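K.L.:
Okay, predicted coordinates and the sequence, questions at the end:
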Amino acid sequence: MERTPDIALSVAEAGRRAHTEPERGAHTEAERLEREAWRALAEVRLLQEKLHEPGRRERYRRLLEFALDHAERALATTTDLAIIVHARAALALAGARKAEDALHGAGQLSQSAQRAPTLEACDDGWRRVESIVAGAESAAHIAVTNAVELETVAPRLAIARRSSRAARQAETAARAARRIVEERNHAYTFHADSAFSFGEGWYLAAAAVLAGVAIQIEPGKDGTVRAEKFLRDAGLGDRLQPYRPRPRAMKHTTELVGRAFRADAAQAQKKLRAAFLGEGPIPSAIVDDVDQRLLHAPGEQKVLLWVRDGAHHPGRNTSHAEILELSAAVRAAGLVPVVTGDAIRGGDIPPGTVDLILFWKDSIFRQEDQRRAQLQFFEVLRERHGLVGQIGVTTAGMDGPALMGLPTLYLTDQPNVRMREWVGAVPGYQEVVRGSDHLERVARVFLEWRSGRSPDSASASRSNVTRMRRLV
């Protein structure tokens, strides 16, 4: 954050004006007010090196308001030139200090506003930033107005020159504060680092398709070129902006997608399928790849079991014991379990399970069109190999297929605030909070999938909002 130079009115001068007794025996009301203003400014100066300590900045701001108030009142109640000069100097200094403090506050609040977890909180934070910036401009106006008046009535006095410097510094602070608002970054970042969550790309691209958000691609990463190709192929070239610091928080994107689905789920899904999958046929190379992988698999209906094994929040990773439980529940429902996602730790793939683990590492899914190719992979599983649904922990890898219409259950220890934006909105998207009976609830959904009774249409989704909020 830009800081202005130190204002050149010393503690000594502030203290001298605050404490020197007048030559006359008694203070007038104007003298008292003006000296109280300078007494406050003397303390302001002493606090400047301690503003990081608890409660100091609040005290600092109260003193500035006190100084401004008393100096203004002194001006309004006197015609004494000496009091007028010192009151205007106090206003110039206090206005400059207030403008600088507002610049600091706007910078701090803008950072927290930009990282706010919801769109409303983000925009509300920025409205508060704009209010602070307006305060900086108002304070600068006070400093400049009084410095100009001093140059008119007492141009040769040192205090007038110092007030002019204070006014210039106030203007610098106000301009810097205004730039914070003008340079606000409205774009969301499409992360192109392979270590970052792949699924975040689905959220952002979907928000761009459905809500028109702006996107900036993380430059110079291993996936930068592939990310740009995916977005341009999805018709989002006009949403791309040059990369800049301080983008919006990615947490907003699931909220934006959920809103679009709640407004018109069928239309939202249609738009996303056209953007993400393309209008033409799925390439034969992908069809052949899937057919080869499923060559010796039974022909019954299938369920994807996703495995998560990540460094971020490792407590959410899939355990081998849970894979065994879920695969048994799939088979008990008369379906075939298909394990995909990360490698399983702590044991082998359950018997009777199709192995699609780490499928995306094959060269066919590592080309520039990798995101579209991976979604097409799941489409082939649905269209040719009886895939009826998917289940896993809250791993974003599932969410691309979910947006395309694949019925989805995600498992979580606690309700997931971010992803519950889609529950009851994205057709077939359901949350299961682990508990004493969650496997029984999962088993009932598997039976629904087998019978074709999954809520896979917009009307079914809207009519079953309560049930889908949490399976009971």
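P.N.:
Perfect, thanks for sending it.
K.L.:
can we go C-alpha only for contacts and neighbour counts from here?
P.N.:
OK.
K.L.:
looking at it, residue 67 is touching residue 92, isn't it?
P.N.:
No - using C-alpha atoms under 8 Å, residue 67 is not in contact with residue 92; the gap is 10.5 Å.
K.L.:
more neighbours, these two?
P.N.:
Neighbours were counted for residue 67 and for residue 92 using other C-alpha atoms under 10 Å; residue 92 has more, 34 against 28.
K.L.:
Which residues are in contact with the more buried one?
P.N.:
Contacts for residue 92 (C-alpha atoms under 8 Å, 6 or more residues apart in numbering) come out as 142-147, 163-164, 166-167.
K.L.:
State the distance from it to residue 74.
P.N.:
Plainly put, residue 92 is 14 Å away from residue 74 if you go by C-alpha to C-alpha, to the nearest Å.
K.L.:
cool, residue 180 as well?
P.N.:
From residue 180 to residue 74 the distance is 35 Å (C-alpha to C-alpha).
K.L.:
Residue 436 now?
P.N.:
Distance from residue 436 to residue 74, counting by C-alpha to C-alpha: 73 Å.
K.L.:
related to what we said a few turns ago, of residue 180 and residue 74, who's got more company?
P.N.:
Remark: of residue 180 and residue 74, residue 74 carries more neighbours, 26 against 19, as counted by other C-alpha under 10 Å.
K.L.:
Not including adjacent chain positions, what is the nearest residue to the more buried one?
P.N.:
residue 30 (4.4 Å; C-alpha to C-alpha, 6 or more residues apart in numbering).
K.L.:
correct me, but the one you found touches residue 81?
P.N.:
No - using C-alpha under 8 Å as the test, residue 30 is too far from residue 81 to be in contact (11.3 Å).
K.L.:
More neighbours: which of those two?
P.N.:
Using other C-alpha under 10 Å as the criterion, residue 30 and residue 81 rank with residue 30 on top: 23 against 12.
K.L.:
picking that back up, residue contacts, the residue nearest to residue 74?
P.N.:
When contacts are counted by C-alpha under 8 Å, 6+ apart, residue 30 is found next to 73-75, 77-78, 83.
K.L.:
Same list, the residues you listed, but as TSV with distance to residue 241 and pLDDT please.
P.N.:
Below are the contacts of residue 30 laid out as TSV (distance: C-alpha to C-alpha, whole Å; pLDDT from 0 to 100):
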residue	distance to residue 241	pLDDT
73	51	97
74	53	96
75	52	95
77	56	93
78	57	94
83	55	95
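K.L.:
ChimeraX command for the buried members of those residues?
P.N.:
Applying 16 or more other C-alpha atoms under 10 Å to the contacts of residue 30, the buried members can be selected in ChimeraX as follows:
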select :73,74,75,83
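K.L.:
For residue 126, grab the count of nearby residues.
P.N.:
21.
K.L.:
My error: substitute residue 438 in the last question.
P.N.:
Neighbours around residue 438, by other C-alpha under 10 Å: 15.
K.L.:
For it, give its distance to residue 231.
P.N.:
Per C-alpha to C-alpha, residue 438 is found 38 Å from residue 231.
K.L.:
and the contacts of residue 92, which of them are in strands?
P.N.:
Among the contacts of residue 92, no member falls in strands (DSSP state E).
K.L.:
From the residues you listed, which land in helices?
P.N.:
Judged by DSSP state H, the contacts of residue 92 include 142-147, 163-164, 166-167 as members of helices.
K.L.:
pLDDT added to the residues you listed, as a markdown table?
P.N.:
Converted to a markdown table, those look like this (pLDDT from 0 to 100):
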| residue | pLDDT |
| --- | --- |
| 142 | 98 |
| 143 | 98 |
| 144 | 98 |
| 145 | 98 |
| 146 | 97 |
| 147 | 97 |
| 163 | 96 |
| 164 | 96 |
| 166 | 97 |
| 167 | 98 |
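K.L.:
With distance to residue 97 added, can I get those residues in TSV?
P.N.:
What follows is the ones in helices among the contacts of residue 92, written out as TSV (distance: C-alpha to C-alpha, whole Å):
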residue	distance to residue 97
142	11
143	9
144	12
145	15
146	14
147	14
163	12
164	13
166	8
167	10
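K.L.:
quick one: the helices in the stretch 151-300 of the chain?
P.N.:
Using DSSP state H, counting those that start in this stretch, the helices found in the stretch 151-300 of the chain span residues 158-182, 200-211, 224-233, 252-263, 265-277, 284-293.
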